[in-house]
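Peer 1: next come a sequence and a model predicted from it.
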Amino acid sequence: MAVLPSVPPGDVELRHGYTLGEINRLATTAVVRDVFHQSLPFAERLETAWSAMVECLYAAEAAPRAGELIRAAWNGLRAQAEDEWRTHGIGRASVVDGDATMVNFWRYWWPQARTTPSPEDRVVDRVALTQIWPMLSPTYQRLLVALAVYDDYGRAAEALHRPRGSFTTHISAARREFLGWWHQGEAPSRVWGQDRRRYGRQNRPHWATTAVRKRSAARRRAAATRDSTPKDDA
């Protein structure tokens, strides 16, 4: 089934001297030249561009230029793509910087924020572990088991008679390999967050305390600057 209206023999004029065939060709040109909103199927984008172009044509009091019609089509394509992104929790800026999910979208659908937690994540994690674990090398399996048992990098490294630095490096490599199998051929995501067990239970950096100290010092410097600034005589 054709997406655009069929052009009858001899074509037919629509408005302001534009024919149906011309509008069909301009809509196709607009879709082909639009490289920023290709997440939807071509046929769907073509239909959107044609509708936006015809709406612009019939709303104009004077004959619009071809470029104006193409811009109207692009505006329609952008609105359609952004609406689709929002439906799936992807913001306009997220498409550019690669941070796929909008914060409020994730906050709304976050399983831990529900009154009754969903078992979905636990089921997925268990199934994934069962499937991926045999794919890991025996060395990585031993490292991960030791870390799970001792819950401490230093004690786990000592149990395996490995230097702590070497143990930490190989744990990072094991996590990357696990993520590679998780994504199954797709580009693996980065390892999320930071495992504070790396620093030991007694030597963990105090991120919150450090941040408070920095903010307090900044306020003191700002206050000192204000006090030292000469004031104009009244």
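Peer 2: All right, it came through fine.
Peer 1: for Gly180, see how far away the nearest residue to Ala159 once chain neighbours are set aside is.
Peer 2: Of all residues beyond its chain neighbours, the one nearest Ala159 is Ala146 (5.5 Å), with distances taken as C-beta to C-beta, 6 or more residues apart in numbering. All C-beta atoms are positioned from the backbone trio N, CA, C, and that covers glycine. In this structure, Ala146 lies at 21 Å from Gly180, with C-beta to C-beta, to the nearest Å as the measure.
Peer 1: now the one helix or strand Val31 maps to - C-alpha only, CSV.
Peer 2: Here Val31, judged by DSSP states H and E, is contained in helix 20-33. Coordinates of the C-alpha atoms in helix 20-33 are reproduced here as CSV (Å, rounded to 0.1, in the frame of the first residue of the first chain):
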residue,chain,number,x,y,z
LEU,A,20,0.0,16.8,-5.7
GLY,A,21,3.0,15.4,-7.5
GLU,A,22,5.2,18.3,-6.4
ILE,A,23,4.2,18.0,-2.8
ASN,A,24,4.9,14.2,-3.0
ARG,A,25,8.4,14.9,-4.4
LEU,A,26,9.1,17.7,-1.8
ALA,A,27,8.0,15.4,1.1
THR,A,28,10.3,12.7,-0.1
THR,A,29,13.2,15.2,-0.4
ALA,A,30,12.5,16.5,3.1
VAL,A,31,12.7,13.0,4.6
VAL,A,32,15.8,12.0,2.7
ARG,A,33,17.6,15.2,3.7
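Peer 1: with that, I have no additional questions.
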